[in-house]
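Peer 1: Sequence and computational prediction follow.
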Amino acid sequence: MGMTDVEKPALKGGGAFFMETLAAPIPDACRVSGLSRSEIYRRLAAGDIRAVKSGSRTLILMDSLRTYLASLPAATFRGQKSAS
C-alpha cells in the first residue's frame, strides 16, 4: 500500500496532512501529559494506562493516556478570602 499524494508532502514538512500520534515513548508521554516518569510507571502498574513494546522500546498508547487524564477529577480552587 503506497502513500497518497496528500501524505507525501507531509513527510517533507509541507502540506496540511496531519496524523494523530497513536503511541509515544515514555519521555514524550511525560512531556505531553505533565505526569512524571514515576507516575507513568505507577499508572502502568495499576492498569490505568496501556503500553506496548516495539523491540526494546516501550510505547504508551495515547488513547489510554487521554482516557486516564479525562477520568481525573476537576481541580478546585478556593476563592479569595474577603476582608470582613
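Peer 2: Perfect, thanks for sending it.
Peer 1: For stretch 37-57, which outside residues touch it?
Peer 2: 23, 25-27, 29-30, 33, 35, 58-61, 64-65, 68 (Cβ atoms under 8 Å, 6 or more residues apart in numbering). From N, CA and C alone the C-beta is placed, and that goes for glycine too.
Peer 1: Can you list the residue ranges for strands in the protein?
Peer 2: Assignment of strands within the chain using DSSP state E yields the ranges 23-25, 51-54, 57-61.
Peer 1: will you turn those into TSV that also has distance to Ala45, mean neighbour count and mean pLDDT?
Peer 2: TSV is the format used below for these (distance: least, Cβ to Cβ, whole Å; neighbours: other Cβ atoms under 10 Å; pLDDT from 0 to 100):
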stretch	distance to Ala45	mean neighbour count	mean pLDDT
strand 23-25	18	17	96
strand 51-54	11	12	97
strand 57-61	13	17	97
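Peer 1: Leu72: which of these is closest?
Peer 2: For the strands of the chain, proximity to Leu72 was assessed by Cβ to Cβ; strand 57-61 is nearest, at 16.3 Å.
Peer 1: could you dump the strands of the chain to TSV with distance to Arg42?
Peer 2: Formatted as TSV, these follow (distance: least, Cβ to Cβ, whole Å):
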stretch	distance to Arg42
strand 23-25	17
strand 51-54	13
strand 57-61	13
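Peer 1: CA atoms of stretch 44-58 as CSV?
Peer 2: Extracted C-alpha coordinates of stretch 44-58, given in CSV (Å, rounded to 0.1, in the frame of the first residue of the first chain):
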residue,chain,number,x,y,z
LEU,A,44,1.0,1.4,34.0
ALA,A,45,1.4,-1.0,37.0
ALA,A,46,-2.2,-0.1,38.2
GLY,A,47,-3.5,-0.7,34.7
ASP,A,48,-4.7,2.9,34.3
ILE,A,49,-2.8,3.4,31.1
ARG,A,50,-1.5,0.9,28.5
ALA,A,51,1.8,0.4,26.8
VAL,A,52,3.1,-1.9,24.0
LYS,A,53,6.6,-3.0,23.2
SER,A,54,8.4,-2.4,19.9
GLY,A,55,11.7,-4.2,20.2
SER,A,56,13.2,-2.7,23.3
ARG,A,57,11.1,0.5,23.2
THR,A,58,8.1,0.9,25.5
